[in-house]
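K.L.:
Could you work out the structure for the sequence below:
(2 chains)
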Amino acid sequence: MINQALLRVENLKKYFPVRKNLIKSIFSREVEYCRAVDNISFTLGEGENLGFVGESGCGKSTVGRTILRLLEPTAGKIYYKDTDVTSLSRRNMRSLRREMQMIFQDPHGSLNPRRTVSETLRQSVRIHRLADSKAEEDVLIKNTLEEVGLNPAEEFWDRYPVLLSGGQRQRVGIGRILILQPKLVIADEPVSMLDVSVSMGILRLLENLRDKFGISFIYITHDLAIARILCDRIVIMYLGKIMETAPTEDLLKTPLHPYTEALLAAALIPDPRVYMKELPIIGYVPQIPSGAFTSCRFYPRCPYAEKKCREQDPPLIEANPGHFVSCMRVK
Amino acid sequence: MALLQVENLIIYYFTRAGAVKAVDDVSFSVDENETLGLIGESGCGKTTTVFAIMKFVTPPGRIVGGKIIFENRDILAIEQEEVRLLRGQGITMVFQAAQNALNPVMTVGDQITEVIDQHERVSKEVARERARKQLELVGLRGEMVKCYPHELSGGMKQRVGIAIATVCNPRLLLLDEPVTGLDVIVQRQLLDLINDLRTKLQLPIILITHDLSVIAHTCSKIAVMYAGKIVEQADVVSLYENPLHPYSRLLIESFPSIKGEKGKLSGIPGAPPGLLNPPVGCNFHPRCPSVMDICRSEEPVSMLKDGHLVACHLFR
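P.N.:
Residues are numbered from 1 along each chain as shown, chains lettered A, B, ... in the order given. Predicted structure coming up:
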């Protein structure tokens, strides 16, 4: 199924300038940076589903937004098929965006409250000039609504988002991008604000769309159980860097990085008979320091930390075929 | 007699369109040393139920019927001044998104001492010292009394919420979605804290969540709520191993896990009914895979089966 790279990201960096002190910032030119995404490379094959997993603030959403150039990267290259996305003009980017779309986390905040469901979808159709007449638009919108499970389409046609449940809103959000027939969809925590039974319905919908239309997905989530259902491969991020990446079941069965191990131990099993192991991690996620890392960034929280971990930022190496990890303990 | 006994509680919200039956004939009890998990989808009435226990139901909501008996007294009948004493010392609650329930312009320490001031006659110094102790109890540093909420992370704020709720030694603690919206590792650390407090303080807890795994690791008893009614009650392991009500079964099946076989995505088709005009008969019948004719006409009553209290026509 996976034959060629649909998306190739090389040494992507996104630094946000931080203004610490007003007076200092006036008198000195020095700007401090928050390294939200710090030198990340990966590829996404056609038809592949990649999951980005990590805690809040690890940079997973920033990666997604930078790929679509909703944020401008600080450095690095992003190739979609053979086009270098980072050097495209705004106009060219717009035509490419039809193929690269995003599902946002908050279904309540990402729909315009003053547009009905059909108007929201119609806007996508018009921006990308997908239909020649209003009648054609209507057919397209109706088919899409039915495709995302808003049946019958007439019932939802003139509804405003306030009259929809969270799950239905997220379906409109999915319809809005599906109507463009994208090749790559970045889904940023698409179900984290929904109830479990509703979110399972949404995930099933995404799975069906993937199989039916051959869309490649990047899922951004903090929930390994959800990533497991959807993704062929998982990338674990911590403080802006890839700590480990491997095929999903591989990663779950034999995690090599202590941080992955901690995430797995923390994941709650919905079974009261399972005993919870002690958490192999210390403390909280620290703030990303402004300077470059000279030690392993997980070292302060790592139960296996040694002296050598303090001396070098470990590179991402291939430990087993397809299984990459960035840890001094893995040779 | 149980510590808390809720009997046939009925709460309606009176709107212009009619009465919304948010809580419809709900009964359950909590004993000393018991942790009850109340699980259900959004809008099933779990928060409203617990609000009634705190006497927080305000218009357009109204308690239409039933009794809430706490330590042998019907708290629905007590006077306003007693309510103030009840909250804080008798029953306390940590609200959903306690992260945002803190006062942003008061230090954490002041927010804890404020509660002590309300309930006990102690000097400022003693209260401050207790605030420090309290923060240490929930796994924070004592110096954090001087912090403002914005200086703390989400998990820390949730801990402060628990510190405030437990400072006057309540006899019952209510937790509304204590870990929703937090990161996995922080979630786990908080659940460990809740378990720790329960054993340390011998504190009975009612925990509301839509996440079965949270209940699995903290509660001894579980009540499954659907559309304003409790459809099944049992001890946690028994309900997990042998769910009787079709809704409980579907709910358990739809939970993804990182352990075991990679399951199929199941979910529950359809959506919960509007409570303005709930369906005739069983509330779950439009979504139920084992629906029978009787479910469409007659409301099932709770009955005992295999140690579970279950309301379903399958077990008549």
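
K.L.:
By proximity to chain B, which residue of the stretch 201-331 of chain A wins?
P.N.:
residue A:268 (3.5 Å; C-beta to the nearest C-beta). C-beta here means a position set from N, CA and C on the backbone, and glycine is covered the same way.

K.L.:
neighbours of that residue, just the number please.
P.N.:
24 (other C-beta atoms under 10 Å in any protein chain shown).

K.L.:
again, but for residue B:292
P.N.:
14.

K.L.:
which non-adjacent residue is nearest it?
P.N.:
Using C-beta to C-beta, 6 or more residues apart in numbering or on different chains and skipping the chain neighbours, the partner closest in space to residue B:292 is residue B:313 (6.1 Å).

K.L.:
before we move on, what about residue A:69?
P.N.:
Nearest one to residue A:69, counting by C-beta to C-beta, 6+ apart, is residue A:93 at 5.9 Å.

K.L.:
Tell me which residues are up against the host helix or strand of the one you found.
P.N.:
Using DSSP states H and E, residue A:93 maps to helix A:90-97. Helix A:90-97 is contacted from outside by A:68, A:69, A:80, A:83, A:85, A:88, using C-beta atoms under 8 Å, 6 or more residues apart in numbering or on different chains.

K.L.:
ok, how many other residues are close to the nearest residue to the last one once chain neighbours are set aside?
P.N.:
Spatial nearest neighbour of residue A:88, excluding adjacent residues (C-beta to C-beta, 6+ apart): residue A:96 at 6.5 Å. Neighbour count for residue A:96, taken as other C-beta under 10 Å: 18.

K.L.:
for residue A:216, same thing?
P.N.:
22.

K.L.:
That one against residue A:4, yeah?
P.N.:
No: Residue A:216 lies out of contact with residue A:4 (C-beta atoms under 8 Å); the separation is 11.2 Å.

K.L.:
shared neighbours of those two, anything?
P.N.:
By C-beta under 8 Å, 6+ apart, the residues touching both residue A:216 and residue A:4 are A:45, A:46.

K.L.:
residues from the stretch 201-331 of chain A in reach of chain B?
P.N.:
A:201, A:203-204, A:207, A:222-226, A:228-229, A:249, A:252, A:262-274, A:276, A:279, A:281, A:284-285 (C-beta under 8 Å from any C-beta of the partner chain).

K.L.:
are any of the residues you listed buried, and which?
P.N.:
A:201, A:203-204, A:207, A:222-226, A:228-229, A:252, A:262-272, A:281, A:284-285 (16 or more other C-beta atoms under 10 Å in any protein chain shown).

K.L.:
ok, and the closest non-adjacent residue to residue A:138?
P.N.:
Per C-beta to C-beta, 6+ apart, closest to residue A:138 is residue A:118, 8.0 Å.

K.L.:
mind listing what the one you found touches?
P.N.:
A:138, A:141, A:145, A:156, A:157, A:158.

K.L.:
where do the helices sit along chain A?
P.N.:
Listed in chain order, the helices found in chain A under DSSP state H are A:22-27, A:60-67, A:90-97, A:117-127, A:134-147, A:153-157, A:166-178, A:196-213, A:224-230, A:248-253, A:258-266, A:307-311.

K.L.:
Looking from chain A, tell me which residue of the stretch 1-150 of chain B is nearest.
P.N.:
For the stretch 1-150 of chain B, C-beta to the nearest C-beta, closest residue to chain A: residue B:41, 4.6 Å.

K.L.:
how many other residues sit next to the residue nearest to that residue when sequence neighbours are not counted?
P.N.:
Closest residue to residue B:41 apart from its sequence neighbours, by C-beta to C-beta, 6+ apart: residue A:195 at 4.6 Å. Counted with other C-beta under 10 Å, the neighbours of residue A:195 add up to 25.

K.L.:
now residue A:213
P.N.:
Residues near residue A:213, counting by other C-beta under 10 Å: 13.

K.L.:
Quick check, it in contact with residue A:181.
P.N.:
Yes: using C-beta under 8 Å, residue A:213 makes contact with residue A:181 at a distance of 6.7 Å.

K.L.:
residue ranges with poor pLDDT in the chain?
P.N.:
Going with chain A. Of all residues in chain A, those with pLDDT under 70 make up the ranges A:1-3, A:20-26, A:28-30.

K.L.:
hm, I was asking about chain B
P.N.:
B:98-99, B:262-264.

K.L.:
Please identify the helix or strand for the residue in it that chain A sits nearest to.
P.N.:
Per C-beta to the nearest C-beta, residue B:267 is where chain B lies closest to chain A, at 3.1 Å. Under DSSP H and E, no helix or strand contains residue B:267.

K.L.:
List the contacts of the residue nearest to it when sequence neighbours are not counted.
P.N.:
Nearest residue to residue B:267, sequence neighbours excluded (C-beta to C-beta, 6+ apart): residue A:200, at 3.1 Å. Shown in contact with residue A:200 (C-beta under 8 Å, 6+ apart): B:254, B:256, B:265, B:266, B:267, B:268.

K.L.:
Neighbours of residue B:147, how many?
P.N.:
Neighbours of residue B:147 (other C-beta under 10 Å): 18.

K.L.:
so, in contact with chain A or not, the helix or strand harbouring residue B:164?
P.N.:
Element membership for residue B:164 (DSSP H and E) is helix B:154-166. Yes: using C-beta under 8 Å from any C-beta, helix B:154-166 reaches chain A at B:154, B:155, B:156.

K.L.:
circling back: test my guess that the residue nearest to residue B:292 contacts residue B:282.
P.N.:
Yes: using C-beta under 8 Å, residue B:313 makes contact with residue B:282 at a distance of 6.8 Å.

K.L.:
Give me the more crowded residue out of those two.
P.N.:
residue B:282 (28 against 19).

K.L.:
if I've got this straight, that one is in a helix?
P.N.:
No: Residue B:282 is assigned coil when assessed by DSSP: H, G, I helix; E, B strand; the rest coil, not a helix.

K.L.:
for it, what are its contacts?
P.N.:
Counted by C-beta under 8 Å, 6+ apart, residue B:282 has contacts B:288, B:295, B:296, B:298, B:299, B:300, B:311, B:312, B:313.
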